[in-house]
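Visitor: Test case, fold it:
(one chain, ligands or ions: 2)
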Amino acid sequence: AFTKKDVTLSEDRPKTLLLQKHSDYLASYGLNKDDYEYCMTEYLRMSGIYWSLTAMEIMNESSRMPKEEIIEFISSCQDKESGGISASIGHDPHMLYTLSAIQVLSMYDRVDAIDAEGVVRYVASMQQEDGSFFGDQWGEVDTRFSFCAVMCLSLLHRLDAININKAVDFVLSCMNFDGGFGSKPGSESHAGLIYCCVGTLSICKRMDALHADELAWWLCERQLPSGGLNGRPEKLPDLCYSWWVMSSLSMLNRIHWVDKKNLEQFILACQDPETGGFSDRPGDITDPFHTLFGLAVGVNLFLCFTRVFYYSDVFFANVNRNLLQEYDYII
Ligand SMILES: COc1ccc(S(=O)(=O)N2Cc3cc(-c4ccc(C=O)o4)ccc3N(Cc3cncn3C)C[C@H]2Cc2ccc(O)cc2)cc1
Ligand SMILES: [Zn+2]
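Guide: Ligands and ions are numbered 1, 2, ... in the order given. Purely as a prediction, here's the structure:
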C-alpha cells in the first residue's frame with residue numbers, strides 16, 4: 001500500500017524564528033512539577049536539562065534557567081560508588097546522563113561541583129576488550145556510548161583514561177558499504193549514529209578513516225522535497241535529523257551539499273506559535289529535545305553562520321552574539 005513519504009508545508013506556517021516564544025516555553029517547562037509530560041520524562045531529566053540549557057544559551061537566555069538548583073541536582077545524581085551520573089535522583093547511572101551532566105557543568109564552568117575523577121573512572125570502566133562501550137552496568141553496546149565516552153572525557157581533558165585506538169577500531173568496524181554507520185557491526189546506517197561515529201572519529205583525530213564522499217552523498221540523500229531531512233531512506237522527515245545530518249556534513253566540510261533555503265523553511269514550519277518550541281514535524285507536539293535541535297540548526301542556517309558548526313561548539317553554544325544583534329534577534 002502507498003504510505004505518505006513526505007510532508008507538505010502549509011501557507012500559514014511561521015516564516016521567522018519565534019525566539020521569545022521558545023525562550024518562554026523552555027523557561028516554564030518543568031515549573032509545574034505535576035505536568036504530565038514532565039513526570040513522564042523523569043527517566044531522561046538530566047538530558048532534558050542539557051537540551052533546555054543549550055537551547056537557552058543559543059538564544060542568549062540561559063540566565064532564565066535556575067543555575068544553582070541545576071548544579072545541586074547534578075551533584076545529587078552522582079553515584080558515589082561507581083562515579084557515574086543518573087538521569088534523576090535514585091535512578092541508575094548511565095553514559096547518556098553522565099555526558100549530559102558534564103556538558104551542563106562545563107557550560108557553567110562548575111565541574112568542581114562533582115567528583116570528576118569518579119566520572120573518569122566510571123567512563124573508563126565501560127570500555128570493553130573490543131574497544132566498544134557499555135551504556136551502563138547491564139551491558140548494552142551502542143556506538144552512541146562510544147561518542148558519550150570520548151565527548152565526556154574530552155570535556156574533562158582525560159582522554160588518556162581509555163584506549164583510543166581500540167575505541168576507533170570498534171567504530172570503524174561499524175562502517176557500512178554506503179560509508180555510513182549503525183549502532184553495532186552490521187547494523188544499518190542511521191543519521192543519528194553517523195553523527196555519533198563521525199563525532200567520535202573527529203575527537204580522536206581519525207577523520208582520515210572515513211569514506212567522506214560516499215558518506216556525504218548518503219547524508220544529503222536524506223533531504224526530501226519538503227526540505228526536511230529523514231534519518232534513513234524511505235522515512236518521513238523529522239526536525240532532529242536536520243541536526244544529525246547537518247552537523248555530520250559540517251564535520252565533513254560538505255554542508256553546502258544540502259539545499260539550505262528549503263531546509264530552513266521546514267525548520268521554521270516546525271515551530272508552534274501557540275505553545276512555543278519546535279516539534280519533529282509541522283503540527284506535532286513540541287518538546288525540549290526538538291526545540292534544541294531546531295534552534296541549533298535554525299539559528300545557524302537562518303543567520304548563515306560562516307563558522308564551522310561543530311558538535312562541541314553547539315554544546316557550548318558560543319553563538320556569535322553580535323551576529324544575532326545584526327539580525328535584530330536580541331529578545
Ligand atoms: C516520545 O518518545 C520518546 C522516545 C525516545 C526517547 S529517548 O530519550 O530515547 N530519545 C530522546 C528524545 C527525547 C524526547 C523528549 C520529549 C520531552 C523531552 C524533554 O526533555 O524530551 C522526545 C523524543 C526523543 N527521541 C525520540 C525521537 C526523536 N525524534 C523521533 N523520535 C522517535 C530521541 C531518543 C534517542 C536519543 C537521541 C539523542 C540523545 O541525546 C538521547 C537519546 C524519548 C521519548
Ligand atoms: Zn526527531
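
Visitor: List, one by one, the residues from this structure near ligand 2.
Guide: 238, 240, 280 (CB under 5 Å from the ion). Any C-beta I mention is one placed from the backbone N, CA and C, and that applies to glycine too.

Visitor: Go back to those and keep what's next to ligand 1.
Guide: 238, 240, 280 (CB under 6 Å from any ligand atom).

Visitor: In TSV, list those residues along with secondary structure, pLDDT and neighbour count.
Guide: Putting those into TSV (DSSP: H, G, I helix; E, B strand; the rest coil; pLDDT from 0 to 100; neighbours: other CB atoms under 10 Å) gives the following:
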residue	secondary structure	pLDDT	neighbour count
238	coil	97	23
240	helix	96	22
280	coil	98	20
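
Visitor: Run a quick neighbour tally on whichever residue of the stretch 1-150 of the chain sits closest to ligand 2.
Guide: Nearest residue of the stretch 1-150 of the chain to ligand 2: residue 51, at 11.9 Å (CB to the ion). As a burial measure, residue 51 scores 22 neighbours (other CB atoms under 10 Å).

Visitor: List the contacts of it.
Guide: Shown in contact with residue 51 (CB atoms under 8 Å, 6 or more residues apart in numbering): 288, 289, 291, 292.

Visitor: got those residues as TSV, with distance to residue 6 columns?
Guide: Formatted as TSV, those follow (distance: CB to CB, whole Å):
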residue	distance to residue 6
288	26
289	22
291	23
292	24
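
Visitor: Give me the buried subset of those.
Guide: 288, 289, 291, 292 (16 or more other CB atoms under 10 Å).

Visitor: and of these, the nearest to residue 190?
Guide: residue 289 (16.7 Å; CB to CB).

Visitor: what does the strand or helix carrying the closest one contact?
Guide: Using DSSP states H and E, residue 289 sits in helix 288-302. If you take CB under 8 Å, 6+ apart as the criterion, helix 288-302 is touched by 17, 22, 25-26, 29, 47-48, 51-52, 54-55, 58-59, 239-240, 242-243, 246-247, 260, 263-264, 267-268, 270-271, 277-280, 305, 309, 314, 317, 319, 324, 327.

Visitor: now that helix: how far from the chain's centre is it?
Guide: 10 Å (CA atoms, centre = their mean, to the nearest Å).

Visitor: Nearest to ligand 2 within the stretch 51-200 of the chain, name that residue for me.
Guide: residue 192 (8.9 Å).

Visitor: which secondary structure element contains that residue?
Guide: helix 191-203.

Visitor: show me where pLDDT drops low in the stretch 201-331 of the chain?
Guide: 301-331 (pLDDT under 70).

Visitor: go again using 50 as the cut-off
Guide: For the stretch 201-331 of the chain, the stretches with pLDDT under 50 are 304-331.

Visitor: The closest residue to ligand 2 within it and residue 283, how far apart?
Guide: Proximity of the stretch 201-331 of the chain to ligand 2 (CB to the ion) peaks at residue 240, 3.3 Å away. Residue 240 is 16 Å from residue 283, where distance means CB to CB, to the nearest Å.

Visitor: go on, residue 231?
Guide: Taken as CB to CB, the span from residue 231 to residue 283 is 19 Å.

Visitor: and the chain, which residues reach ligand 1?
Guide: 37, 41, 44, 47-48, 51, 96, 238, 240, 280, 287-289.

Visitor: The same query, at a cut-off of 8 Å, please.
Guide: 29, 37, 41, 43-45, 47-48, 51-52, 96, 100, 144, 192, 231, 238-241, 280, 287-290 (CB under 8 Å from any ligand atom).

Visitor: For ChimeraX, write the selection for the buried entries among those residues.
Guide: Buried subset of the residues of the chain next to ligand 1, written as a ChimeraX selection, criterion 16+ other CB under 10 Å:
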select :29,41,44,45,47,48,51,52,96,100,144,192,231,238,239,240,241,280,287,288,289,290
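
Visitor: List the residues that contact residue 182.
Guide: Contacts of residue 182 by CB under 8 Å, 6+ apart are 143, 174, 176, 188, 189, 190, 193.

Visitor: Run through the residues that contact the fifth one.
Guide: I take that to be residue 189. Taking CB under 8 Å, 6+ apart, one finds 176, 178, 179, 180, 181, 182, 218, 232 in contact with residue 189.

Visitor: quick one: it and residue 97, what's the gap?
Guide: For residue 189, the distance to residue 97 - CB to CB - is 26 Å.

Visitor: try the second one
Guide: Residue 174 is 23 Å from residue 97, where distance means CB to CB.

Visitor: Of those two, which one has the most company?
Guide: It is residue 97, of residue 174 and residue 97, that has more neighbours when counted by other CB under 10 Å, with 27 against 23.
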